[in-house]
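K.L.:
Model the following, please.
(one chain, ligands or ions: 1)
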Amino acid sequence: MAPRILIVDDDESVRDVISVLLKEEGYNCVVASGAEMALDVAAAEETPLVISDMKMPGRDGMWLLENFRAKYPDTSVIMLTGYGDTEAAVDSLRKGAVDYLLKPPRLTDLIRAIERALAKRRIEMARRRYQKKLERKVRDRTTELRAALKNIANTYQNTLLALVAALDAREHETSDHSQRVVRYTTAIAAKLGIAGQDLEEIGRGALLHDIGKIGVPDAVLLKPSKLTSAEWAEMRKHPEIGYQMIQNIPFLSIPATIVLSHQERWDGAGYPRNLQRQEIHIGARIFAVADTLDAMTSDRPYRKGTSFANAIHEIQRCANTQFDDEVVRAFMAIGEEGLIRIKREMAAEKAATAAELEARARHAEAEHADADAAVENALAKAKANPEEAPEPL
Ligand SMILES: [Fe+2]
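P.N.:
Numbers count the residues shown, from 1 in each chain. Predicted coordinates for the structure are as follows:
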């Protein structure tokens, strides 16, 4: 089908001559007597090309051009200008007209301009379609890539959790301690304004803090009585062992630093490097407070945990000696209730996960029993009516 061409001129005779000529050449023409009417005509149906007079009473050709560029950017506009109006013609090109012709245009010039404009428009639209398609493809691939990366990150995280659970199991402990310390650590870090990847890395450092205990012999790690000084020396190697284990894994390089310095103290009395103050990674300074809180408020086989109020008081007392004062302030800002809520929420989440696992196991068991019953049934039937027995597979 021939493309629709809109001819805009206030002079009726010009409109008629051009549209009759173009119709004879096989074009589909519509006319408008002014710029505003032209916009109404274009609103009714897709109009690939407009040929418009420049000088018209009221809204002129330049106004029409600007409005078409804004509302119908896919419509090409050819301007018709009077003799001696070259400046306006050039200006129209600058504003987005595809071409201009002097009035009255010769038929051959007009057709050539129309064909050029339509061909240019076709190419431009194909290019835009291709670009959109390309953008969609890039968007889809990015979404897929993000999902894959998230999957990898989840796998990493689950691997680390399994590793820590194995370590805790060796000490005959549940992994609740490690995970609670992660929660307290990240809550304090968040209060200090740490967010995003930094927060994740600090959380990972807290989770893995004692990973080096893997290298401490059972005789030392699990010794129920007091350690000798030689055994203490052995035990004190665990931050370095942990650091050596994970420092070469690129996404664990910051957590490795936290692992190495998790036993350091603000006043320099910690180990293994006697670091002090800001020399200690902020993640390790935060961890120290979180770890003390959890150690004090958790029950041990040989003693009951103290109250959160007591633990908070003790940590506050050790600000500026054992702990970074600023970290203690952020910790205090969470408050007793906030800290208790973190512990409760974690316990509730754990109970919910355990219940879900049990429900899943029960469901699987019931399905198994159903399948067994169906097989028994089929066998009984086959015994009763040997002729109807199903063909062996
Ligand atoms: Fe430790």
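K.L.:
how near is Ala44 to Ile282?
P.N.:
Per Cβ to Cβ, to the nearest Å, Ala44 is found 66 Å from Ile282. Where you see a C-beta, it was placed from the backbone N, CA and C, and this is true even at glycine.
K.L.:
Which one of those two is surrounded by more residues?
P.N.:
Between Ala44 and Ile282, Ile282 has the larger neighbour count (other Cβ atoms under 10 Å), namely 17 against 8.
K.L.:
what's that one in contact with, if anything?
P.N.:
Residues in contact with Ile282, defined by Cβ atoms under 8 Å, 6 or more residues apart in numbering, are Ala189, Leu192, Ile194, Ile202, Val327.
K.L.:
In terms of distance to Leu227, which of those residues ranks first?
P.N.:
Val327 (28.8 Å; Cβ to Cβ).
K.L.:
residue ranges of the helices in the stretch 51-200 of the chain, please?
P.N.:
Using DSSP state H, counting those that start in this stretch, the helices of the stretch 51-200 of the chain run over 61-71, 86-94, 107-170, 176-191, 196-207.
K.L.:
on that earlier part again, with distance to Ala165 as extra columns, can I get the contacts of Ile282 in TSV?
P.N.:
Listed next are those as TSV, based on distance: Cβ to Cβ, whole Å:
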residue	distance to Ala165
Ala189	23
Leu192	29
Ile194	26
Ile202	20
Val327	28
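K.L.:
export those to CSV and tack on distance to Arg317, neighbour count and pLDDT?
P.N.:
CSV is the format used below for these (distance: Cβ to Cβ, whole Å; neighbours: other Cβ atoms under 10 Å; pLDDT from 0 to 100):
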residue, distance to Arg317, neighbour count, pLDDT
Ala189, 22, 25, 96
Leu192, 21, 19, 95
Ile194, 25, 20, 95
Ile202, 25, 27, 96
Val327, 14, 23, 96
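K.L.:
of all those residues, which comes closest to Pro250?
P.N.:
Ile202 (16.9 Å).
K.L.:
Need the pLDDT of Glu388.
P.N.:
Listed pLDDT for Glu388 reads 55.
K.L.:
Sorry, slip of the keys, the one I care about is Arg15.
P.N.:
For Arg15, the pLDDT comes out at 92.
K.L.:
Over to Val31?
P.N.:
96.
K.L.:
Checking it next. Helix, strand or coil?
P.N.:
strand (DSSP: H, G, I helix; E, B strand; the rest coil).
K.L.:
Next, name the residue at the spatial heart of this protein.
P.N.:
Nearest to the geometric centre of the chain sits Arg146, at 6.9 Å (Cα atoms, centre = their mean).
K.L.:
Distance of it relative to Asn154?
P.N.:
12 Å.
K.L.:
Equivalent analysis for Pro48, please.
P.N.:
51 Å.
K.L.:
Neighbour count: the two, which is higher?
P.N.:
For Pro48 versus Asn154, neighbours defined as other Cβ under 10 Å are more numerous around Pro48 (17 against 10).
K.L.:
For the more buried one, what are phi and psi?
P.N.:
phi -70, psi -30 (degrees, to the nearest 10).
K.L.:
so it makes contact with Thr75?
P.N.:
Yes: the pair Pro48 / Thr75 is scored as a contact, 6.3 Å apart, by Cβ atoms under 8 Å.
K.L.:
How about Arg265, nearest residue that isn't a chain neighbour?
P.N.:
Gln322 (5.1 Å; Cβ to Cβ, 6 or more residues apart in numbering).
K.L.:
tell me the contacts of that neighbour?
P.N.:
Arg265, Trp266, Asp267, Ala269, Ala288, Thr292.
K.L.:
Ok, Ile211 next?
P.N.:
So Ile211 contacts Leu163, Val164, Leu167, Gly242, Met245, Ile246, Val259 (Cβ under 8 Å, 6+ apart).
K.L.:
Compute the number of surrounding residues for the fourth one.
P.N.:
Gly242 has 26 neighbouring residues, counting by other Cβ under 10 Å.
K.L.:
The fifth one now?
P.N.:
Applying the criterion other Cβ under 10 Å, we find 18 residues in the vicinity of Met245.
K.L.:
How about the first one?
P.N.:
Counted with other Cβ under 10 Å, residues neighbouring Leu163 total 17.
K.L.:
Now do the nearest residue to it once chain neighbours are set aside against Asp140, distance only.
P.N.:
Nearest in space to Leu163, with sequence neighbours left out and distances taken as Cβ to Cβ, 6+ apart, is Ile211 at 6.9 Å. Distance of Ile211 to Asp140, given as Cβ to Cβ: 39 Å.
K.L.:
Ramachandran coordinates for Asn28?
P.N.:
According to degrees, to the nearest 10, Asn28 has phi -100, psi 110.
K.L.:
Gly82 against Leu101, yeah?
P.N.:
No: Gly82 is not in contact with Leu101 according to Cβ under 8 Å; the separation is 11.0 Å.
K.L.:
between the two, which one's more packed in?
P.N.:
Between Gly82 and Leu101, counting by other Cβ under 10 Å, Leu101 is the more crowded of the two (18 against 13).
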